[in-house]
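Trainee: this is the structure alone, sequence omitted:
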């Protein structure tokens, strides 16, 4: 369609300077949700970006936006949406083998905006990628940014109507990914630990019930663990519960579980895609990686921020979810359930259906409903 990126830049520049953006040439999409979680989240990102294109002003075109003179960061277009007070970074791609990495550019441009406005929210900087060509590398990057990292990105491709009438249409969401996310998980898809909360005086003879006076602090600690997990883009769930076993020293515990990133290498039959996959498999197998990563441990430890004055908490016992669940349910009182990351998306989809069918008499963090949900997303494996 265009000889090169410069020709695309020139054509789009005419519209940007005339209209302050591209709202006049962007076609409305007719995508519908409900096909898959991947498509739903991509459509959400598209709609979020589109609402910022109706009334924009052009700030710069291929100008350096960095505060630092030695750093050259020149987005193709930088727009501002006065209505929603969001910045719109527009990047053009028109080559099958782009000489620059779109991911590096978009991340650098967003950071440059944040240098000027350090407190701006991530989603108040949105991205528009316009390209005639969609190579696999570019599609993979954009899908991961939208789906896993919750970035707001709109993918557009130019089309010519009649002779010289340029329009921009939304790239169909299913083009950005090849395989749908498995929303049913295996027994070893989740791994985790038990975050045991011991009262400060438990070893000096204080009764275990002493910690009951501080249940609000314990709950605040649980909320902090979930928030930190969200910040780190982790994906999993956690239960807060009271241990009722005789002889226990930890009055309260958090069973913290996230998706095991190495799960594919723990199956009886795995697919080795290439030589590098073989090297990864050997490394993970040799070191017995369980999926209980430093990120998960750090999230749990963050709960101590609210507990230092009343308790000595500690992450213990790295196991699969099945083992952790059996121990948790042996004799306990479940208090709260919280999902995070992509598991929260699945949970809210499940909860929404229940609300639609049965009304709103269910609390978001109902631990028994949460437990039933975890069973719902597990594949029933035949022994």
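Mentor: Received, thanks. Everything numeric in this text was worked out from a predicted model, so none of it was measured. Residues are numbered from 1 along each chain as shown.
Trainee: how much space separates residue 123 from residue 300?
Mentor: Going from residue 123 to residue 300 by CB to CB, to the nearest Å gives 27 Å. Where you see a C-beta, it was placed from the backbone N, CA and C, and this is true even at glycine.
Trainee: who's more crowded, those two?
Mentor: More crowded of residue 123 and residue 300, by other CB atoms under 10 Å: residue 300, with 24 against 13.
Trainee: can you pull the pLDDT of the more buried one?
Mentor: What the model reports as pLDDT for residue 300 is 94.
Trainee: residues in contact with the helix or strand hosting it?
Mentor: Element membership of residue 300 [criterion: DSSP states H and E] is helix 294-301. With contacts defined as CB atoms under 8 Å, 6 or more residues apart in numbering, helix 294-301 is touched by 192-193, 195, 225, 228-229, 232, 234, 236, 254, 256, 258, 315.
Trainee: and for stretch 125-137?
Mentor: The contact list for stretch 125-137 (CB under 8 Å, 6+ apart) reads 1-2, 8, 12, 22, 48-49, 52-53, 86-98, 102, 106, 110, 113-114, 138, 142, 151-158, 168, 171, 175.
Trainee: quick check on those: which are buried?
Mentor: Buried members of these, counted by 16 or more other CB atoms under 10 Å: 2, 8, 12, 22, 48-49, 52-53, 86-94, 98, 102, 106, 110, 113-114, 138, 142, 151-158, 168, 171.
Trainee: ranges for the helices of this structure?
Mentor: Taking DSSP state H as the criterion, the chain carries its helices at 5-19, 37-50, 102-116, 136-147, 215-231, 275-286, 294-301, 321-329, 342-358, 367-376.
Trainee: so which of those helices gets nearest residue 245?
Mentor: helix 321-329 (9.6 Å; CB to CB).
Trainee: tell me the average confidence for the closest one?
Mentor: For helix 321-329, mean pLDDT rounds to 94.
Trainee: what's next to it, contact-wise?
Mentor: Counting contacts by CB under 8 Å, 6+ apart, the residues touching helix 321-329 from outside are 187, 189-194, 239, 241, 253, 255, 257, 317, 334, 374.
Trainee: of these, grab the buried ones for PyMOL.
Mentor: Here is the PyMOL command that selects the buried residues among the contacts of helix 321-329 (16+ other CB under 10 Å):
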select buried, resi 189+190+191+192+193+194+239+241+253+255+257+334+374
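Trainee: check the contacts of helix 321-329 for the minimum pLDDT and say which it is.
Mentor: residue 187 (73).
Trainee: which ones are touching that one?
Mentor: 320, 321, 322, 378, 379, 381.
Trainee: just the buried residues of those residues.
Mentor: With neighbours counted using 16+ other CB under 10 Å, these contain these buried positions: 320, 321, 378.
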